[in-house]
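S.K.: Show me how the following folds:
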Amino acid sequence: MNERPVILIVDDEKNTREGLQKSFRHKYDILLADSAEQGLEALRGHAVDVILVDLRMPGMDGMAFLRRVTASENPPLVILFTAYGTLQIADEALRQGAYEYLAKPLNLDNLEMVIERGLESRRLRAENVRLRQELDEAVGLTSLVGNSRAMQAVFDSVRQVAGARSTVLLTGESGTGKELIAHAIHRLSPRAGNPFVVVHCASLNPNLLESELFGHEKGAYTGAHERQAGRFETAEGGTLFLDEIGELDGATQIKLLRILETRSFERVGGNTPIDVDVRLLAATNRNLRALVDEGRFREDLFYRLNVVNIHLPPLRERTDDIPLLLAHFLRQFAAENGRTVNGFSSEALKLLTGYAWPGNVRELRNCVERMVVMSRGTTLTLGDVPPDLRSAAAHPPGAGSPGAAPAGLDLNANERELIRRALEKTHSNRTLAAKTLGISRRTLHRKLKAYGLEDH
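M.R.: Next up, the predicted model:
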């Protein structure tokens, strides 16, 4: 808003317009309009904070004017007044977005009080929006692109739970951004100035994982030549994020449950309890409830982790966000690589927005980066789309004869999707997945990197 608030007075009665102008020009900048149409024209050329508008005017009346104004982005406050009012009209005006409804003849002291109260409410609302934007930028929510209803619900949940101490379980397929959301929760929390520590549970064997989490005493096992602090100690006062928590073995699950219940633990090879103040965030692309039913995950630990659940939707369930993500990553990678790339051709955009993106945002990001790096022109065309993705888009899983695609894991049908299914079928055992697909483990590793499936 301006330092001196701007009031637009819309009334077909000259005496009313000029009387209100004379009463309020000492503290407000005043604009006058003798019709609703002239009032709309004034709004196109001026930033207005408050509108005083009469209900009954020739041509467009005050109610129609109100609907036009409140349909705009960040509308001014509208105070409607009339000498012919009823409770029904007043209720309708408030439902349509009017800030207040007053009866003529106007009490100028009361009107000034209503204006001041409305301006303060508008100022506080603008301040809240500004602070929320600053917080979003600070925690990286602005880098998490998504205008879809599903993603806005995720962002709202992040803001709501960030200030709490409760454990949060992030669920969703690989590549949906669980670690980014975990980082956002930390940065928006009172612990933001303290460590944010990440442990990828699937990347370590059980013995290494236990030592990684809880540390070890000197001599705890062969090669333990000195005492080492674990990730819980490193994260003291901050946040510990356990990614792919469904991969924890039974013994580690028991120790983790104890920490959640007692806020203390013992190093491997030690017997002295160590108190710890750490907020735990966890993530998984597995169905923990199913793992509990199968006896592979402790039910009591599941309930301790699942205090608050935030589910990240796969990209195929928020397709409205795909064009935004494509544009976002195009700008990012063009800047990072010093390339002048202005956009996508219509054919390329049609293919990319229609693709199912089984690797989710990570796959899309990798695809755009590759296209930008390998491009030869200022527009990314269909020829810049990676050949494997063009093939997958042309032959989606299930295409052709019903049920034919998945059964034999035929690598030629849809390589990327079949690799993902092989990993799921083998519970992310890469050696077994490679054997199932008939390729070497080294070849599988290269393809996982190429397809953005490294976290599977």
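S.K.: Then residue 101 would be within a helix, right?
M.R.: No. Using DSSP: H, G, I helix; E, B strand; the rest coil, the secondary structure at residue 101 is strand, not a helix.
S.K.: Run through the residues that contact it.
M.R.: Residue 101 is in contact with 79-81, 85, 89-90, 93-94, counting by C-beta atoms under 8 Å, 6 or more residues apart in numbering. (C-beta placed from N, C-alpha, C; glycine too.)
S.K.: which of those residues has the most neighbours?
M.R.: Highest neighbour count within the contacts of residue 101: residue 80, with 26 neighbours (other C-beta atoms under 10 Å).
S.K.: Distance from the chain centre to the helix or strand containing that one, please.
M.R.: Using DSSP states H and E, residue 80 maps to strand 77-82. Relative to its chain's centre, strand 77-82 lies at 37 Å (C-alpha atoms, centre = their mean, to the nearest Å).
S.K.: With only the CA atoms kept, save it in PDB.
M.R.: The C-alpha atoms that make up strand 77-82 are tabulated as PDB, following Å, rounded to 0.1, in the frame of the first residue of the first chain:
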ATOM      1  CA  LEU A  77     -11.400  -3.200   0.400                       C
ATOM      2  CA  VAL A  78     -15.000  -2.400  -0.700                       C
ATOM      3  CA  ILE A  79     -17.400  -0.500   1.600                       C
ATOM      4  CA  LEU A  80     -20.900  -0.500   0.100                       C
ATOM      5  CA  PHE A  81     -23.500   2.000   1.200                       C
ATOM      6  CA  THR A  82     -27.100   2.900   0.200                       C
END
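S.K.: which secondary structure elements does that strand contact?
M.R.: Judged by 3 or more C-beta pairs under 8 Å, 6 or more residues apart in numbering; DSSP states H and E, the packing partners of strand 77-82 are strand 50-54, helix 62-70, strand 100-103, helix 108-139.
S.K.: Toward the C-terminus from that strand, list the very next helix or strand.
M.R.: With elements assigned by DSSP H and E, the helix or strand that comes after strand 77-82 is helix 87-95.
S.K.: just to revisit the earlier point, what does the strand holding residue 80 rub up against?
M.R.: Contacts to strand 77-82, defined as C-beta under 8 Å, 6+ apart, come from residues 49-56, 62-63, 66, 69-70, 89, 93, 97-104, 106, 111, 114-115, 118-119, 121-122.
S.K.: Separate out the buried members of the residues you listed.
M.R.: 49-55, 62-63, 66, 69, 89, 93, 98-102, 106, 111, 114-115, 118-119, 122 (16 or more other C-beta atoms under 10 Å).
S.K.: show me where the stretch 351-456 of the chain has helices.
M.R.: Ranges of helices in the stretch 351-456 of the chain, per DSSP state H, counting those that start in this stretch, are 360-374, 387-394, 404-407, 415-425, 430-437, 441-451.
S.K.: weakest of those helices by average pLDDT?
M.R.: Least confident of the helices of the stretch 351-456 of the chain, judged by mean pLDDT, is helix 404-407 with a mean of 38.
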